[in-house]
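**Student:** Structure for this input, please:
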Amino acid sequence: MGLSLRLSNRQSLCLVIPWMFATSAIAAPRLDGPELDKRHKGHRGPAGVEQPALGQRLTQDMVEAMSQLELRREGMRIFSTPFNKLDGLGDGPMDPSDTVEPGGRPTLQNNGLFLRINGMDSQTCLECHGILSNDTIPATFGVGGVGGIGANAMPEIIDPDIDDTDGNGFAAITGRFINPPFSFGSGGVELLGKEMTAELHALRDEAQANPGTVVPLEAKGIPFGSLVYENGEFDLSGVEGVEDDLIIKPFGRKGCCDTIREFDLRALQFHQGMQPIEKFGADVDADGDGVSNEILVGELSAMHTFQVSLERPRNMRLNAAARQGRARFQAIGCADCHIPSMFTESRFLDLEDPDGNVYHSIDLSAFPTGFRRSRAGVKVDLYADLKLHDMGPGLAESTGSDKDPFFTTARLWGVADTAPYLHDGRAPTLTEAILLHGGEAQDARDAFADLSPSAQGQIIEFLRHLRTPRNPNQDL
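**Tutor:** Model (predicted):
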């Protein structure tokens, strides 16, 4: 019987990059001639001479003259480029005085390029952010998506006890193990974070103007404790769920970054050993690998634009069981932290260069982000509160920091497509993920555990209606 190629749009995307999904029995279309040249743009020079993979460089002046569509295309190209040594991939010579921080890390078995533990673990962002759905077999490819367990990052891991020499009964590490999330909808998240930060900073100013007065901290209806200003300084002991700078940082499992740009700045150094000039300076070869100007300001601007303009996740129409599940989800306390929707004051996300100049503004209610309008702003159905919570000792990381048990609330939009779950991917199923909650989420976890199997199933059915975008990046 012949093989039908009448595939859905979601399935057809699997054909694009067969090396990611070796289980697929359908061969990718063969590319020849001009089409092959387009795909390989930037890789080879005359007569096959190797070139930097990045190809055409992109300055900030060029970025400011581009349309949003052009910026998104360039951003996706850079996001997806497998860098090589001619681009500056990898750290330079090992620095015996600091073998941990990016720039002078050793390589595994002296291979000269990769380490895998503590970074230098990939050539491209796409290696860790390329799965649109793990709910299909084979998985569905999508630029900007999640990564499986094999893509987990391992920062700060120095001396893993793989053979359990210490007799813990498990392979102990000092460090972190992080499963890569997706970037879909991140424009709405970034704008929410900026507006919440502005609200908190206004309250800080109010406290300073009224010494001795305890000022409750709240942003978008989310409580962050309180602070007081007296004797010429702030008492921050009552602040909760946000760092002392009162900046909401939605990106990174621990809330490291307030913008995608800041996250990319760090990730390029950690994962690929690529050094952005906005940190190291122009014409500076800080890691001694023989390459300077590895990532230009304009290239980070294009990546930032691409990621924050990605389509938002979608909520499917609920069936009867899912509607009951949504009600139970709220009743047992899950929605106390996984807040279904938040609202921005503006619908425009301004993107700034390192000097604070706005180079582009994205209308989040327009294509492709497509957030629903709400007065002058947009509705962001993220199922989170952008707050740090203590998740208990069972989920705590092992860096030795008092922040080990704290994580930003996972955004549940798209959760049906993004297994495995939790910060390190330890939960293959949604039920396991819920039952592993602890700390501030212990009561909600226990309430779920006390439900009948059919009632638990209704909650899972509800969560399985929270999906990633249907066909992201199609216009690119």
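
**Student:** Tell me which helix or strand in the chain has the weakest average pLDDT.
**Tutor:** helix 9-12 (a mean of 38; mean pLDDT, DSSP states H and E).

**Student:** and Glu190, what element?
**Tutor:** Following DSSP states H and E, one finds Glu190 within helix 186-209.

**Student:** Please name every helix or strand in contact with that helix.
**Tutor:** On a contact count with 3 or more C-beta pairs under 8 Å, 6 or more residues apart in numbering; DSSP states H and E, helix 186-209 meets strand 215-219, strand 222-230, strand 233-235, helix 297-308, strand 348-352, strand 377-380. C-betas here are computed from N, CA, C, even on glycine.

**Student:** Let's see that with 6 Å instead.
**Tutor:** With contacts taken as 3 or more C-beta pairs under 6 Å, 6 or more residues apart in numbering; DSSP states H and E, helix 186-209 sits against strand 215-219, strand 222-230, helix 297-308.

**Student:** Quick one: work out the angle between that helix and helix 297-308.
**Tutor:** 100 degrees (axes from the mean of the first three to the mean of the last three C-alpha atoms, to 10 degrees).

**Student:** Excluding covalently adjacent residues, which one is nearest to the most centrally placed residue in the chain?
**Tutor:** What sits nearest the mean C-alpha location of the chain, by C-alpha atoms, centre = their mean, is Pro181, with 4.7 Å. For Pro181, ignoring the flanking residues on the chain, the nearest one in space by C-beta to C-beta, 6 or more residues apart in numbering is Val146 at 6.0 Å.

**Student:** I figured that neighbour hits Leu132, correct?
**Tutor:** No. Using C-beta atoms under 6 Å, Val146 is not in contact with Leu132; the gap is 8.3 Å.

**Student:** Quick check: neighbours shared by these two?
**Tutor:** Residues touching both Val146 and Leu132 (C-beta atoms under 6 Å, 6 or more residues apart in numbering): none.

**Student:** count of residues packed around the closest residue in space to Pro180 that isn't next to it in sequence?
**Tutor:** Counting by C-beta to C-beta, 6+ apart, Gly147 is the residue found nearest to Pro180 once chain neighbours are left out, at 3.7 Å. Residues within reach of Gly147, counting by other C-beta atoms under 10 Å, total 24.

**Student:** How about Cys337, nearest residue that isn't a chain neighbour?
**Tutor:** Using C-beta to C-beta, 6+ apart, the closest residue to Cys337 is Thr409 (4.9 Å).

**Student:** contacting residues around that neighbour?
**Tutor:** With C-beta under 6 Å, 6+ apart, Thr409 has these contacts: Cys337, Ala384, Asp385, Lys387.

**Student:** cool, Val228 as well?
**Tutor:** Per C-beta under 6 Å, 6+ apart, neighbours of Val228: Val214, Asp235.

**Student:** Could you report the pLDDT at it?
**Tutor:** Confidence at Val228, expressed as pLDDT, is 98.

**Student:** go on, Leu132?
**Tutor:** 98.

**Student:** Would you state the helices of this protein in chain order?
**Tutor:** 9-12, 33-39, 60-64, 68-80, 186-209, 260-267, 277-280, 297-308, 320-331, 430-435, 442-449, 453-463 (DSSP state H).

**Student:** Go through these and name the closest to Ala396.
**Tutor:** Ranking the helices of the chain by proximity to Ala396 (C-beta to C-beta) places helix 442-449 first, at 13.6 Å.

**Student:** Contacts for the closest one, please.
**Tutor:** In contact with helix 442-449 (C-beta under 6 Å, 6+ apart) are residues Ile332, Gly333, Cys334, Ile434, His437.

**Student:** so what pLDDT did His43 get?
**Tutor:** 57.

**Student:** residue contacts, Gly119?
**Tutor:** So Gly119 contacts Phe270, His271 (C-beta under 6 Å, 6+ apart).

**Student:** That one bridge partners, please.
**Tutor:** Arg116 (DSSP bridges).

**Student:** about what we covered before: quick one: which of the contacts of Thr409 is most hemmed in?
**Tutor:** Counting by other C-beta under 10 Å, top hit in the contacts of Thr409: Asp385 with 26 neighbours.

**Student:** List the contacts of that residue.
**Tutor:** Contacts of Asp385 by C-beta under 6 Å, 6+ apart are Ile222, Cys337, Ile339, Thr409.

**Student:** try Ile459
**Tutor:** Residues in contact with Ile459 (C-beta under 6 Å, 6+ apart) are Gly325, Arg328, Phe329.

**Student:** Tell me the one of the residues you listed nearest Lys194?
**Tutor:** Phe329 (28.2 Å).

**Student:** mind listing what that closest one touches?
**Tutor:** Neighbours of Phe329 in contact, by C-beta under 6 Å, 6+ apart: Ala335, Ile459, Phe462.

**Student:** Could you rerun that using 10 Å?
**Tutor:** 322, 335, 338, 340, 383, 412, 444, 448, 458-460, 462-463 (C-beta atoms under 10 Å, 6 or more residues apart in numbering).
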